[in-house]
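1. Predicted model and sequence below, questions to follow.
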Amino acid sequence: MIPFVARPEFEYGRPDRVSPLIRRVVANNPGPFTFTGTGTYIVGRDAPGAAVAVIDPGPLDEAHLAALLSAVEGQTVSHVLVTHTHADHAPLARPFASAVGAPVLAARPPVRTIHASQPVEEAEDETFAPDVTLSGGEAVAGDGWTLEAFATAGHASNHMAFVLVEENALFSGDHVMGWSTTVVAPPDGDMTAYMASLDAVIARGFTTLWPTHGAPITDPQPFLAAYRAHRLDREAQILVRLAAGDRTIREMTPTLYAAVDSRLWPAASLSVWAHLIALAKAGRVVADPAPTLEAAYRVV
Ligand SMILES: [Zn+2]
């Protein structure tokens, strides 16, 4: 079982100091993909004139913009960083950055593909364009802090986490979340990439993970091991269903997700699809004619 962490203590719009170098302001956009809302992080000392960075300004929300501007009043925002272009993370980046006169840094937005028909993930911010394009490994610094871009594709093809070097902490965005597993929905979501970037996070041995939604993960290694095991279990269950004679995602999803509300099966089927694409890529299953949502699959 994944040791999910409890509901965070917060009030919408109130900046809370959560570590020596981190403040968090939660936007009032709770929902099935955002839990209690989007947590925007302010990195740097809470002192007049200090240079700070802001991670994931969040959704287009006037009250949240006002709360962020009030939280950084008297300080200099040197960088606005965005983990990925989903609508609960990116749209406020440009208005906020313009208001404070800072550049926006993020990975290149994905090339638009056909939308999956099911509402299983936050919509994409299709107008997003960073001032500085990150590919991972870049570092930016301010008064007593250093942030390093950490490429973590999987949930989104352009997902970037950020390392706070001084606290051995990772702003994990939606790559690793404390309250839930992450949606990996093709075509933009990619399970092969997701597992590789999960292993990269495990290898770094962070002290704390600060997800965009929910409370921090303060004992990351057992949490990440359980998170990883959960995916491998699901993959093994899919191979069992194929061995039992199921051929399609539609056939196997009700059995794989018997424990969850059938209204969630369309969303769950995208996760099964993500696993099957990864298994096909690894040469462990064959898809006929190609690894689509409707294809027939069999074990090699
Ligand atoms: Zn997202």
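-> Yep, it's here.

2. give me every residue that touches the closest residue to Leu81 other than its chain neighbours.
-> Taking CB to CB, 6 or more residues apart in numbering, and ignoring the residues beside it in sequence, Leu81 has Ile55 as its nearest neighbour in space, at 4.7 Å. Placement of C-beta: from N, CA and C, glycine included. When contacts are counted by CB atoms under 8 Å, 6 or more residues apart in numbering, Ile55 is found next to Thr40, Tyr41, Val43, Leu81, Val82, Thr83, Phe162, Phe171.

3. Repeat that for Ala278.
-> Asp190, Met191, Thr192, Met195, Glu235.

4. thinking Val132 is in contact with Ala107, fair?
-> No - look at Val132 against Ala107 with CB atoms under 8 Å: they stay out of range, at 10.3 Å.

5. so what's the backbone phi/psi at the residue in the chain that the ion sits nearest to?
-> With CB to the ion as the measure, the residue in the chain that lies nearest the ion is His86; the distance is 3.5 Å. Listed backbone geometry of His86 is phi -70, psi 150, with angles given as degrees, to the nearest 10.

6. What separation do you get for it and Ala185?
-> Taking CB to CB, to the nearest Å as the measure, His86 falls 11 Å from Ala185.

7. Those two - which one has more neighbours?
-> Between His86 and Ala185, counted using other CB atoms under 10 Å, the more crowded position is His86 (29 against 21).

8. Show the pLDDT at that one.
-> At His86, the predicted lDDT confidence score is 93.

9. For the stretch 151-300 of the chain, give me the ranges with low pLDDT.
-> The stretch 151-300 of the chain contains no residues with pLDDT under 70.

10. what does it have sitting close to the ion?
-> Taking CB under 5 Å from the ion as the contact definition, the stretch 151-300 of the chain meets the ion at Asp174.

11. how about the helices of the stretch 151-300 of the chain, start to end?
-> Per DSSP state H, counting those that start in this stretch, the stretch 151-300 of the chain has helices spanning 191-204, 220-243, 249-256, 265-281. These are given in chain order.

12. Identify the residues contacting the shortest one?
-> By that I understand helix 249-256. Outside helix 249-256, the residues within contact range by CB under 8 Å, 6+ apart are 234, 237-238, 241-242, 246, 262, 265, 268-269, 272-273, 276, 293-294, 297.

13. Give the ChimeraX command for selecting the buried subset of those.
-> A single ChimeraX command suffices to select whichever of the contacts of helix 249-256 are buried according to 16 or more other CB atoms under 10 Å:
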select :234,237,238,241,242,246,265,268,269,272,273,276,293,297
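
14. Let's see the pLDDT reported for Glu122.
-> Confidence score, pLDDT, at Glu122: 65.

15. and stretch 23-39 with the ion, contact?
-> No - shown here: stretch 23-39 not in contact with the ion (CB under 5 Å from the ion), separated by at least 6.9 Å.

16. For that stretch, give me every contacting residue.
-> 7-8, 10-18, 40-42, 46, 56, 58-59, 61, 63-64, 67-68, 71, 88-89, 121-122, 177, 179-180, 183, 210-214.

17. Let me see the contact set for the residue most central in space within the chain.
-> In the chain, the residue lying closest to the centroid (CA atoms, centre = their mean) is Asp174, at 1.5 Å. Counting by CB under 8 Å, 6+ apart, Asp174 touches Thr83, His84, His86, His89, His155, Ala156, His159, Thr182, Val183, Pro211, Thr212, His213.

18. Of these, which is the nearest to Glu138?
-> Thr83 (14.1 Å; CB to CB).

19. how many neighbours does the closest residue to that closest one other than its chain neighbours have?
-> What sits nearest to Thr83 in space, not counting adjacent residues and going by CB to CB, 6+ apart, is Gly173, at 3.1 Å. Other residues within reach of Gly173 by the criterion other CB under 10 Å amount to 29.

20. looking at it, Gly173 is touching Ala161, isn't it?
-> Yes - with contact taken as CB under 8 Å, Gly173 and Ala161 are classed as touching, separated by 5.5 Å.
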